[in-house]
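K.L.:
only geometry, no sequence info:
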């Protein structure tokens, strides 16, 4: 998209912000950290500054750079202002009515011609609770199949945890860390990804909680830990299994908890049988005495908590690692107690039941896995796609995804920005930003917080809540099922979902920091799950083994999907992506400030690997995997191990960065247990790029 | 009233760069933040990495003030060093003179530097970078109080085997005090050198 002119940067002098006594309260909806915000508006109702909310008990006025940056992106040149239709490769302005009519007509046409399965949604950024509920109702009425954030973010974590505990949700609030004696952070750089809430971990450390970080990279989180264990990429499962074996063999586990509350302990003991300290040391590169010390620490320091991150979730052998660590917490009895449990940004409070009478519910005539979606699009089985997200950057093998989308008959993008995916659409619809929509936001403390609309709706933007109701009307569907405001939507959801029945908008408004869920009608909120010792599995107990009776199956990273059968001679290294504090998915790349913090994507390389390749800091490196290649500038650092490369996943071709998405290098490979796409630990090769260009 | 000051604790920095962005937001800067966070890495017997937040330290005897040919830099009674952008001619001599990399070249060709958010102090608030810092690596308060706090933090760090030192209280008196990792001293002098941002 050519040069990006920084709007005011050439202005002569800058002026500090005017004092504003009329700040609006909101909740940040970026990383599910749920930080409280104070928003300053100008006279037109546009956001001019974002601060932390001092009254929010969780972030206490602290925020990371991201919410400040997004405020800067809201009125920039990339924001979509009005509905557009692609005519001869160019976007032309149309009215909302024209757009909705056209979409409705196409939608009905494809349902009749090719069945409900010919229309799918990739909807990772659908909007707040209002839009999500309208989307659910719309999908029920039309049989639309959706691919949300799950496959690219947390599917494996959710599914494995659901198998174990019967609920994929986080079981303890982050705020509990101050009460725990040990916090195990695995593959999670929360100092960068949840910076606004990171003070909880530092406070816990000051109060005596031992912070242990297991990671391949020496992260900012590792830097502040009491113990950092640098592990070979993709071998976390082996470490977890060795810890299990040691703890089981030495009777260091909580025997009464295991007897009373778990199933499958024998299978678990059998599965980890061969993972001696020595074998694990061989696989992971972590000395056996360090593993032993960690096992003893975990056993003696009770209660303890676990905080996993994308480092063990978005990988091709995620299932084994997640199960190993969560089973470990279970047999140690770190469940359902103060200062115990699993911290996660997954906040599943259940779905609303019986929103629509059965007679009006349409089931999709075809179901496909996220992996099968590519082929279904390529082979013309799918005709129409509804996008609320940016799959052309965020989904693996992004070039293939882009091509598959180009080949579809009809593509709609409901979006904030004219991003890589919107560029492929036939109809682009302007979406509201979360500051422009009221709704409920969950947090890493297991609370639901209400936020009112803070900023005026931009141009012709509409929320998903309004869009789906209006589209349903144009399609001739029953619209009385749809709520027509965020408040009514929550009221509808609350009254159809027992686990949030007691959480009214008024109650959330009145309670700084929000209300914990589940919360029944009598108003009793549950700060942590499973305190009663009853688990929502069929047996009512923690399932330590999988349904097939095999507890954990360790797969080596080189034998995992995406790497299986790939030549180690040709692709000797491993490639990963990692997150940084100044960026969040697509949105922050449109901010000048984010761009100043991270001027360009780079690839982290160990000095010895750099020497092998003959590159010095800042030089261009071409990375190649089975799905393609990409040129990035080298950042030489000792924080990554030899033979391992890591870059940032955010950037798109149609953004100020003009960068081929890093996800182009990742094949469409899913974790066989949990179903997550991998965006780490994929085999690659690298060479110095002396010329120019991509 | 005693002197107001700021303590910057490098040992706590997690490089989230909230301070840097908050500085731009508060002061209406589209780019070229007055506050940067530099990353440094050293390989001794093990890897040492730390982050150096970097901005004007508001010296008691500012060299930028002495070298400015037009008197655009002044030191107020409150002890803060203020740059007058209207008066500045953009010769950038101060940028070279400052040994703390406190002065930045802006896109308008002039220079810019931390104002200690004096407009916020007038409203009884603290500087934007302090308010936003999620790990209390930046603390605002009375100078004496901050020196005491720095002492406490030094003792605490020492008990964990981390040795730090306080800058700004002895040879060079500054109003922004820095608690820095001892291995950092070797590189402080040559902070002009562009290290990986």
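P.N.:
Arrived safely. What you see is a predicted model, and the numbers here were worked out from it, not measured in a lab.
K.L.:
go through the chain and flag its longest helix.
P.N.:
Just so you know, I chose chain A. Ranked by residue count, the top helix of chain A under DSSP state H comes out as helix A:96-114.
K.L.:
sorry, should have said chain B
P.N.:
The longest helix of chain B (DSSP H) is helix B:143-159.
K.L.:
can you give me the buried ones in that helix?
P.N.:
Within helix B:143-159, the residues that count as buried by 16 or more other C-beta atoms under 10 Å in any protein chain shown are B:143, B:146, B:147, B:149, B:150, B:153, B:154, B:157. Just so you know, the C-beta spots here come from the backbone N, C-alpha and C atoms, and that holds for glycine as well.
K.L.:
tell me who's in contact with the nearest residue to residue A:474 once chain neighbours are set aside.
P.N.:
Nearest in space to residue A:474, with sequence neighbours left out and distances taken as C-beta to C-beta, 6 or more residues apart in numbering or on different chains, is residue A:104 at 3.5 Å. Residue A:104 sits next to A:471, A:474, A:475, A:476 when contact means C-beta atoms under 8 Å, 6 or more residues apart in numbering or on different chains.
K.L.:
count the neighbours of the residue in the stretch 301-450 of chain A that chain B sits nearest to for me.
P.N.:
Closest to chain B within the stretch 301-450 of chain A is residue A:444: 13.5 Å, counting by C-beta to the nearest C-beta. Neighbour count for residue A:444, taken as other C-beta atoms under 10 Å in any protein chain shown: 26.
K.L.:
next up, the contacts around the residue lying closest to it once chain neighbours are set aside.
P.N.:
Leaving aside its chain neighbours, residue A:444 sits nearest to residue A:174 (4.6 Å; criterion: C-beta to C-beta, 6+ apart). By C-beta under 8 Å, 6+ apart, residue A:174 lies in contact with A:58, A:197, A:200, A:201, A:307, A:343, A:444, A:445.
K.L.:
hang on, the earlier thing: report the distance from the longest helix of chain B to the chain centre.
P.N.:
A distance of 18 Å separates the centroid of the chain from that of helix B:143-159, by C-alpha atoms, centre = their mean, to the nearest Å.
K.L.:
and it, what other elements does it pack with?
P.N.:
strand B:4-9, strand B:138-142, strand B:164-167, strand B:176-181 (3 or more C-beta pairs under 8 Å, 6 or more residues apart in numbering or on different chains; DSSP states H and E).
K.L.:
got CSV for the ones you listed, with mean pLDDT and distance to chain A too?
P.N.:
Shown next, in CSV, are the helices and strands packed on helix B:143-159 (pLDDT from 0 to 100; distance: least, C-beta to the nearest C-beta, whole Å):
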stretch, mean pLDDT, distance to chain A
strand B:4-9, 97, 12
strand B:138-142, 97, 11
strand B:164-167, 94, 14
strand B:176-181, 93, 11
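K.L.:
just send the buried residues of helix B:143-159 back as a markdown table, with pLDDT and distance to residue A:318 too.
P.N.:
Formatted as a markdown table, the buried residues of helix B:143-159 follow (pLDDT from 0 to 100; distance: C-beta to C-beta, whole Å):
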| residue | pLDDT | distance to residue A:318 |
| --- | --- | --- |
| B:143 | 95 | 52 |
| B:146 | 97 | 46 |
| B:147 | 97 | 49 |
| B:149 | 97 | 44 |
| B:150 | 97 | 44 |
| B:153 | 95 | 39 |
| B:154 | 96 | 43 |
| B:157 | 91 | 37 |
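K.L.:
so which of the residues you listed comes closest to chain A?
P.N.:
Among these, residue B:153 lies closest to chain A (C-beta to the nearest C-beta), at 11.0 Å.
K.L.:
all strands of chain B, in order?
P.N.:
Here chain B has its strands, by DSSP state E, at B:4-9, B:36-43, B:47-54, B:73-75, B:81-83, B:103-105, B:111-113, B:138-142, B:164-167, B:176-181.
K.L.:
quick check: domain ranges of chain A?
P.N.:
Per automatic domain parsing, the structural domains of chain A span A:155-345, A:557-688.
K.L.:
tell me, what residue is most central in the chain?
P.N.:
Picking chain A for this. A centroid search over chain A (C-alpha atoms, centre = their mean) returns residue A:153, at 4.0 Å, as the residue closest to the centre.
K.L.:
to clarify, I was referring to chain B.
P.N.:
In chain B, the residue lying closest to the centroid (C-alpha atoms, centre = their mean) is residue B:55, at 3.5 Å.
K.L.:
now do the contacts for that one.
P.N.:
Contacts of residue B:55 by C-beta under 8 Å, 6+ apart are B:23, B:34, B:35, B:36, B:102, B:113, B:114, B:129, B:176.
K.L.:
please report how far it lies from residue B:112.
P.N.:
Counting by C-beta to C-beta, to the nearest Å, the gap from residue B:55 to residue B:112 is 11 Å.
K.L.:
need the residues touching each of those two.
P.N.:
The contact lists of residue B:55 and residue B:112 share residue B:34, where a contact means C-beta under 8 Å, 6+ apart.
K.L.:
and the pLDDT for residue B:194?
P.N.:
With respect to pLDDT, residue B:194 scores 39.
K.L.:
of all of the stretch 151-300 of chain A, which residue lies closest to chain B?
P.N.:
For the stretch 151-300 of chain A, C-beta to the nearest C-beta, closest residue to chain B: residue A:195, 3.6 Å.
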